[in-house]
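# the following block contains a protein sequence and its predicted model.
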Amino acid sequence: MALKKITYLSLFPDSIDSGLSHSLVGKARESGKIELSFVQLREFAKDKHKSVDDIVYGGGAGMLLKSEVLFDAWSSVTSLEEKVKPGFDRPYTILLSPQGKCLTQERAKDLAQSYSHLILVCGHYEGVDERFIEACVDEEMSIGDYVLTGGEFAAMVVSDVVIRLIPGVVGNEDSIRSDSLEDGLLKAPQYTRPREFLGRSVPEVLLSGNHAKIEKWRKEESLSRTQTKRPDLWEKYQKGKRS
Ligand code: ADE
């Protein structure tokens, strides 16, 4: 089942909307390959001040997003009954958080292929009340080991990566197959015109027209680049080959 829809629960839905309005993702939205929908958390605030955060029980710095606000916003999209339905034909809820496992190209592929509807919850302040996570969230996801001011940037990153993998979004499917990281390796260096620039020439083999030779060169470059630039990926690649 290919991904069709992403719903965002956020205090800044307009930032996400405009961040995902351009380039390939903008085109994917226009052509209906993906639908993005936005829920403003503040609309679910209960008091006259429209507050969405509160102090932390037991003391501690900062404020937390209130579980009732999050739960009511989430319930406007799905339900606890729906969450326990087996299979992939129900909204799958991801909370963007530095506590989650880091997004990888492989996980992004899974998300694009397995679920039809993702709900991305953007945290703010010091985090969210744990009971919302326990009851409603299927997965916590991080985009790296650093702390953002809120989940919106992370939601945009996850969306961009995942939407790009929906069939038909990238015109030339070969460009997905030859992506850096597609097989756990970096891409070989690439060049366009002119042939000479700043005293540097395009490698001769790329001008040879010999496709077998070019493929062989690209594979070798891809292996040696990964080894020198990303030893962490290289180690994983070697392990994968052994197992
Ligand atoms: N929210 C704050 N920091 C984050 C991160 N690194 N990844 C995802 N969501 C976040």
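Ah, there it is.

# send the alpha carbons of the lengthiest strand in the chain over as PDB?
Longest strand in the chain by number of residues (criterion: DSSP state E): strand 92-102. In PDB, the C-alpha atoms belonging to strand 92-102 read as follows (Å, rounded to 0.1, in the frame of the first residue of the first chain):
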ATOM      1  CA  TYR A  92       0.000   5.300  11.900                       C
ATOM      2  CA  THR A  93       1.100   7.900  14.500                       C
ATOM      3  CA  ILE A  94       4.700   9.100  14.700                       C
ATOM      4  CA  LEU A  95       5.800  11.500  17.400                       C
ATOM      5  CA  LEU A  96       8.900  13.500  16.300                       C
ATOM      6  CA  SER A  97      11.200  13.400  19.200                       C
ATOM      7  CA  PRO A  98      15.000  13.100  20.000                       C
ATOM      8  CA  GLN A  99      14.000  10.000  22.000                       C
ATOM      9  CA  GLY A 100      13.000   8.000  18.900                       C
ATOM     10  CA  LYS A 101      15.200   5.900  16.700                       C
ATOM     11  CA  CYS A 102      16.900   7.900  13.900                       C
END
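
# list the residues that contact the residue nearest the centre of the chain.
Taking CA atoms, centre = their mean, the centroid of the chain lies closest to V158, which sits 1.4 Å from it. Listed by CB atoms under 8 Å, 6 or more residues apart in numbering, the contact partners of V158 are 94, 96, 103, 108, 111, 120, 141, 143. For the C-beta atoms, the positions are set from N, CA and C on the backbone; glycine is no exception.

# which one of those sits closest to S222?
The closest of the contacts of V158 to S222 turns out to be A108 (CB to CB; 20.2 Å).

# pretty sure the closest one is touching S159, no?
No: using CB atoms under 8 Å, A108 is not in contact with S159; the gap is 10.0 Å.

# quick check: neighbours shared by these two?
With CB under 8 Å, 6+ apart, A108 and S159 have no common neighbours.

# and the longest helix seen in the chain, which residues are buried?
Identified as the longest helix of the chain according to DSSP state H is helix 211-229. In terms of neighbour count (16 or more other CB atoms under 10 Å), helix 211-229 has its buried residues at 214, 217-218, 221-222, 225-227.
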